[in-house]
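**Student:** 3D model of this:
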Amino acid sequence: MTLLADAATLTRQLAAVPPVEAAGAVLGVAYVVLVIRQRRACWLAAFASTALYLVVFWDARLYMQAALQGYYLVVAVYGWVAWRAGARGASLAVSRAPWRGQLVAALAVLLGSLASASLLARETGSAQPLLDSLTTWGSVYATWLVARKRIDNWPWWLLVDALIAVLCWRQQLFASMILYILYVGLVVVGWRSWHLDLKRQAGSPA
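**Tutor:** Residues are numbered from 1 along each chain as shown. Next up is the predicted model:
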């Protein structure tokens, strides 16, 4: 009965999802699909989705996630420029990020998360300070990897999206929770697609 009651509650809450959150979720899916296909238009979808989610996360008192949306707006502009075709028509190629840089980034994400979680808990009354911070700083680095077309962005997003799904569930942002669960599946598809592209660039069989 508990499972059925939970399912009924979830159905009612999904039906009451605010239009801003629903539109942000749809545009978010469009962004990931376009990233997988390496289409420059992904950054237009990212900009629109981000603007909507800034409002959603602020209203949910997830202040680090709200601040992250401001960063996303800047990176969307940068990604639009970085992914443009050059003089010979060639766009930015898929590549790998140095593993040492990723280790440094992982340490920075952990330390930054601990520091910001402490500040949020003390000063803002954030709903989920540690989880909010971890997913925010992880997203900052993962988004930069996407903008530079580093294939390593996908394992980062696998972890970050799973954690954000939990965060949204705890805050009853159910449309967003479903979106991030969908993202986890899309991450696997994107990782495979970019891996094949990297193999083709190297002239090796997939």
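
**Student:** What is the longest helix seen in the chain packed up against?
**Tutor:** Ranked by residue count, the top helix of the chain under DSSP state H comes out as helix 174-202. Secondary-structure packing of helix 174-202 (3 or more CB pairs under 8 Å, 6 or more residues apart in numbering; DSSP states H and E): helix 2-15, helix 19-36, helix 153-170. Quick note: C-beta positions are derived from backbone N, CA and C, even for glycine.

**Student:** Sort out which residues of stretch 24-42 are buried, please.
**Tutor:** Using 16 or more other CB atoms under 10 Å as the test for burial, stretch 24-42 gives 24-28, 30-32, 34-36, 38, 40, 42.

**Student:** Would you check these and say which has the weakest pLDDT?
**Tutor:** The lowest pLDDT within the buried residues of stretch 24-42 belongs to residue 25, with 84.

**Student:** Skip the chain neighbours and tell me the closest residue to it.
**Tutor:** residue 179 (4.2 Å; CB to CB, 6 or more residues apart in numbering).

**Student:** quick one on the thing from earlier: would you list the buried residues of stretch 24-42 in a markdown table and tack on distance to residue 122?
**Tutor:** Compiled in a markdown table, these are given as follows (distance: CB to CB, whole Å):
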| residue | distance to residue 122 |
| --- | --- |
| 24 | 29 |
| 25 | 32 |
| 26 | 36 |
| 27 | 34 |
| 28 | 31 |
| 30 | 38 |
| 31 | 34 |
| 32 | 35 |
| 34 | 40 |
| 35 | 36 |
| 36 | 40 |
| 38 | 43 |
| 40 | 42 |
| 42 | 37 |
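
**Student:** Please identify which of the residues you listed is nearest to residue 80.
**Tutor:** Using CB to CB, residue 40 is the member of these that lies nearest residue 80, at 6.6 Å.

**Student:** and the closest one, that's in a strand?
**Tutor:** No: per DSSP: H, G, I helix; E, B strand; the rest coil, residue 40 lies outside any strand segment and is coil.

**Student:** what's the closest non-adjacent residue to it?
**Tutor:** Distances taken as CB to CB, 6+ apart place residue 83 nearest to residue 40, at 4.6 Å, with adjacent residues excluded.

**Student:** same deal with residue 55?
**Tutor:** residue 20 (5.6 Å).

**Student:** Tell me, how many residues neighbour the one you found?
**Tutor:** Using other CB atoms under 10 Å, residue 20 has 15 other residues around it.

**Student:** sorry, back to before: what's the residue nearest to residue 25 in contact with, if anything?
**Tutor:** Contact partners of residue 179, counting by CB atoms under 8 Å, 6 or more residues apart in numbering, are 25, 28, 29, 168.

**Student:** Tell me the one of these nearest residue 72?
**Tutor:** residue 28 (10.5 Å).

**Student:** mind listing what the closest residue in space to that closest one that isn't next to it in sequence touches?
**Tutor:** With sequence-adjacent residues excluded and distances taken as CB to CB, 6+ apart, residue 28 is closest to residue 49, at 4.5 Å. Listed by CB under 8 Å, 6+ apart, the contact set of residue 49 reads 24, 25, 27, 28, 30, 31.
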